Structures are given as C-alpha cells and as structure tokens.
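# please work out how this folds:
(4 chains)
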Number of protein chains: 2
Amino acid sequence: MPTGRRERKKAATRRKIADTALRLFLERGYDAVGIRDVAAEADVAVTTLFSHFASKEALVFEQDEDFEHRLARAVTDRAPDEPLIPALRREVAALVRHCTADSAAPVRRMVHGSAALREHEESMRLRHAESLASVIAADPRLARSTTACRTIARFTVDAYSLARDAADPEAALEEIFRMVEAAWAGADPAPRE
Amino acid sequence: MPTGRRERKKAATRRKIADTALRLFLERGYDAVGIRDVAAEADVAVTTLFSHFASKEALVFEQDEDFEHRLARAVTDRAPDEPLIPALRREVAALVRHCTADSAAPVRRMVHGSAALREHEESMRLRHAESLASVIAADPRLARSTTACRTIARFTVDAYSLARDAADPEAALEEIFRMVEAAWAGADPAPRE
DNA sequence: AACGTAACACTAACGGTTAGCTTTCAGCAA
DNA sequence: TTGCTGAAAGCTAACCGTTAGTGTTACGTT
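Now for the predicted structure:
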C-alpha cells in the first residue's frame, strides 16, 4: 500500500509528532508539556500539529480509536447461535487484557494522572456506548427496546472501565459480566417502538 | 443565618455572578459568551469570578451539586427494611422529574448544545458514582464485593442519564431499573475483600 | 513545462485560566 | 477612636490550547 511520496511524508510527519509527544509526555508529564514544546521538538509548526490531531488529548489516544470498531464487530461478527452477552464479554476481556499489559502501564499511569485525559477518555466511552447501542438495536436476532439496547451498551462500557481499574481485572470482569448478563435477561423482551 | 456583612457581601457577589452568567448564556448561547463578558456584566474582575467558581462550566452547574448528597442520603436514610434498589429508584425518579420539568428546559437545551458542558456533566456523574459506591459499600446490610458496589453505582447514574434523555423518561426509568434490579440480584453475595 | 493543490509554515489572535501584586474594607482589639 | 489583620476584590500580564488568515513549498498530474 505505499502510494505516493506525498502520503508517505504525511504519515511520517504524523508519526513523528505522535512519537515525540508521547515521549515528552512520559518524560516530563502530560500537563508539564505544552503543545508548543511538542511542535518544536517534532520540528513542525503548531498549526501542522493541529492539522494531524484534533486536540492535545488526541495525541495520546491515537491508537485506541479501534475500540469502537472492535465492540461493534464483536456483535455483528459473532457466531449465528452465540448470544449477545458472551460475545461482548469475550471482546471486553480482550480489550482489558490489552490495556492492562505491562507495556501499557506508563501510558495508563499518565492518563490516570491527568484530569484532562481522564475526561477525554470518559467522553470517548460515551460515544462508544452510543455506537454500540445502535449496533445492538440493529441486530434482528435481539428483539429489545431501544432503551434496553442503550442501557446494555452503557453497562458494557462500564464493565470495561470498572474491570480495567480493578485490582484483579479478570475476576472483576467475570463478576461484573454476571451482573450485565442478569440485566440483559431482565430487560423487556419486546421492542417498545 | 445571616452572619457578618462580609459573608453577606460575598454571597451576594457570588449570586450576582451566577445569575448574570446564566442570563447571558441563555440569551446569547453558552459558547458565544466569554468569561470577560460575564465579569464585565456582573461588574466584577475576572479573577473575582474565578475565586467564586472553579471554571466556566461551574457557572452553569452551581445548584446541581446536591445530586451527590441526595443519592447518598437515599441509601443511608432509607427505611431499615427497604432494599437498596427501590430506594435508589425513588430518588433517581425524583431527580429525573426535577430536571425534565418545563422550567429546566432552557438550561437543558443549553447543556445539550455545548460539548464542554456535556463533558463536564459526564465527569460529574462519574464522581457521583464513585461516592455512591462508597456509601453502598459502607452499608452493613448489603454484603457485596466492592466491585459489585461500584458496578451498581455506575449503573444507577447511567439510569439517571439514560432516563433523562429518553423520549418517555418515566417509562424508560422503569424499564432500566428492572435491569438494574436484576443486575444487583445477580451480583456476588459475598464480599470479596 | 506548467498547473492545481495538499501539506506545511508563520503570525496573530481568541478565550479560559492563573500568578503576582495592590487596594479596599469588615472585624477586632488596644 | 485608632490601628492592625486578613479576606475579598481588583488590575495587569501572562500562559496555554486552539483557530483564522495568509503565504510558501513541492508532490502529482496534465
């Protein structure tokens, strides 16, 4: 897929900015590094930086953007006879394992340490919940009200965030998903609208 | 409780700032009004404004700060024989009714229209969920793991937010709380730590 | 070879927020 | 009364994220 030199250069610039930013953030702390510092160190203009990334926080969350896709695919691509919740549970477990790996620890500590980053992550989660709710509502095998779909989507992303921050993520995930399963079973079976 | 003149003046300044801000925000839109506009219209210095309110968003959410208290009291002050979830449900229902009242419509429309305000509200909800989780975990009648407490607290604030934004808040609340009730019933009965 | 345009740069600004320092004045005591 | 203290408010000036406006390269195309 290597197209023209133009796109290669663009991708290189983007990667250089992201790498530089992450390095500086980890070295000195997210809040102690300004956009102007990142731009200078990456040898680009501030406006260039913002043409590649929508915000300072986006510099940190650049690879975590497939979260939304993975959850959606876990629903749409599951085996024809597999119920919803186990499929979600498998995918959430994989996501939790991925971000509780030792290699992700420094980044997670950084995110935890900055209010701006935590808020950004939260609002990403809400967006993901909404998109997941749409996918669930669109599945013909799952006849539930839109409220039930929205609710279970919210619970699912909650499960991710709660398990990730628990002392024992695996055990927490199991416990939480038992609750999610119960909630889904207790939802209105008939769509309301 | 009118103490010295000093505190009265301080309270008056605070109220004047909040009233002016809300009026301007509703008149011209939240994003179209700057902090300097609010300060000038309230006839105070910008620094004075920020000594009363931690941020621009806090100007909007100044009275909604009792949310946290009310949820906590719904748990601690419930009748000795009342189970947890119905008590939470009653309080959440009251909160939803309160903020879907016609008088609250302009403010809600404003919040809905600004990304900054929506994010601020979300992160408030997370704080509320954490505090609610502590209260639930501290209740000796409810022997559950801390994970279960945190989970049900998160679900409860989700219920509030989902019901509030639903087309029919009352019906949605009933449906969601059936799911919350099921989740609570499905939680580990024995505390894990 | 010439052109259109995407990527990037530069400057300057806007808006939220804070630091540093000064002024005012309520509350209190000599 | 007088004078002191400290909280409240003010002013200036800046910092930081972000954006608009305006060029300038240099890639890809014709």
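# any idea which helix or strand carries the residue nearest the centre of chain A?
In chain A, the centroid-proximal residue (Cα atoms, centre = their mean) is A:Phe67; its distance is 4.1 Å. Counting by DSSP states H and E, the element that carries A:Phe67 is helix A:67-76.
# find the residue closest to the residue nearest to the centre of chain A in space, skipping its chain neighbours.
A:His128 (5.8 Å; Cβ to Cβ, 6 or more residues apart in numbering or on different chains). For the C-beta atoms, the positions are set from N, CA and C on the backbone; glycine is no exception.
# on that earlier part again, residues of the helix holding A:Phe67 that come out buried?
A:67-68, A:71-72, A:74-75 (16 or more other Cβ atoms under 10 Å in any protein chain shown).
# now stretch A:4-19
A:13-14, A:17-18.
# could the residues you listed go into a markdown table alongside pLDDT?
Below are these laid out as a markdown table (pLDDT from 0 to 100):
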| residue | pLDDT |
| --- | --- |
| A:Thr13 | 96 |
| A:Arg14 | 97 |
| A:Ile17 | 97 |
| A:Ala18 | 97 |
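# out of these, which are close to DNA strand C?
With the criterion set as Cβ under 7 Å from any atom of the strand, the members of the buried residues of stretch A:4-19 near DNA strand C are A:13-14.
# from chain B, how far out is A:Ala39?
24 Å (Cβ to the nearest Cβ, to the nearest Å).
# cool, and A:Ala143?
A:Ala143 is 14 Å from chain B, by Cβ to the nearest Cβ.
# repeat for A:Lys10
In terms of Cβ to the nearest Cβ, A:Lys10 sits 28 Å off from chain B.
# mind checking how far that residue is from A:Asp64?
21 Å (Cβ to Cβ, to the nearest Å).
# got it, and A:Ala171?
24 Å.
# same question, A:Pro189
35 Å.
# quick one: which of those two has more around it?
Each of A:Pro189 and A:Asp64 has its neighbours counted (other Cβ atoms under 10 Å in any protein chain shown); A:Asp64 has more, 16 against 11.
# check contacts around that one.
Residues counted as contacts of A:Asp64 (Cβ atoms under 8 Å, 6 or more residues apart in numbering or on different chains) are A:99, A:124.
# what sits against the residue of chain A found nearest DNA strand D?
Closest residue of chain A to DNA strand D, Cβ to the nearest atom of the strand: A:Gly4 (2.0 Å). For A:Gly4, no residue meets the contact criterion (Cβ under 8 Å, 6+ apart).
# before we move on, what about A:Ala166?
Counted by Cβ under 8 Å, 6+ apart, A:Ala166 has contacts A:172-173, B:147.
# what residues does chain A put near DNA strand D?
A:3-7, A:9, A:33-36, A:46-47, A:50, A:54-57.
# what pLDDT does the residue nearest to the centre of chain A get?
Looking at A:Phe67, its pLDDT reads 91.
# which ones among the buried residues of stretch A:4-19 map onto helices?
Among the buried residues of stretch A:4-19, the members falling in helices (DSSP state H) are A:13-14, A:17-18.
# how much space separates A:Arg144 from A:Ser103?
Taking Cβ to Cβ, one finds A:Arg144 at 38 Å from A:Ser103.
# who has more neighbours, those two?
A:Arg144 (22 against 8).
# could you double-check that the more buried one sits in contact with A:Ala185?
No. Contact criterion Cβ atoms under 8 Å: A:Arg144 and A:Ala185 do not qualify, at 11.0 Å.
# contact partners of stretch A:46-55?
A:13-14, A:17-18, A:35-36, A:38-39, A:42, A:59, A:62, A:120.
# between those residues, which is nearest DNA strand C?
Distance to DNA strand C, by Cβ to the nearest atom of the strand, is smallest for A:Thr13 among these, at 3.0 Å.
# show me what from chain A comes close to DNA strand C.
Checking chain A against DNA strand C by Cβ under 7 Å from any atom of the strand, the hits are A:6-7, A:9-10, A:13-14, A:43-48, A:51-52.
# secondary structure for these - can I get that in JSON lines?
Shown next, in JSON lines, are these (DSSP: H, G, I helix; E, B strand; the rest coil):
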{"residue": "A:Arg6", "secondary structure": "helix"}
{"residue": "A:Glu7", "secondary structure": "helix"}
{"residue": "A:Lys9", "secondary structure": "helix"}
{"residue": "A:Lys10", "secondary structure": "helix"}
{"residue": "A:Thr13", "secondary structure": "helix"}
{"residue": "A:Arg14", "secondary structure": "helix"}
{"residue": "A:Asp43", "secondary structure": "coil"}
{"residue": "A:Val44", "secondary structure": "coil"}
{"residue": "A:Ala45", "secondary structure": "coil"}
{"residue": "A:Val46", "secondary structure": "helix"}
{"residue": "A:Thr47", "secondary structure": "helix"}
{"residue": "A:Thr48", "secondary structure": "helix"}
{"residue": "A:Ser51", "secondary structure": "helix"}
{"residue": "A:His52", "secondary structure": "helix"}
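# burial check on the nearest residue to A:Leu24 once chain neighbours are set aside, number of neighbours?
Nearest residue to A:Leu24, sequence neighbours excluded (Cβ to Cβ, 6+ apart): A:Val33, at 4.6 Å. For A:Val33, the neighbour count with other Cβ under 10 Å is 20.
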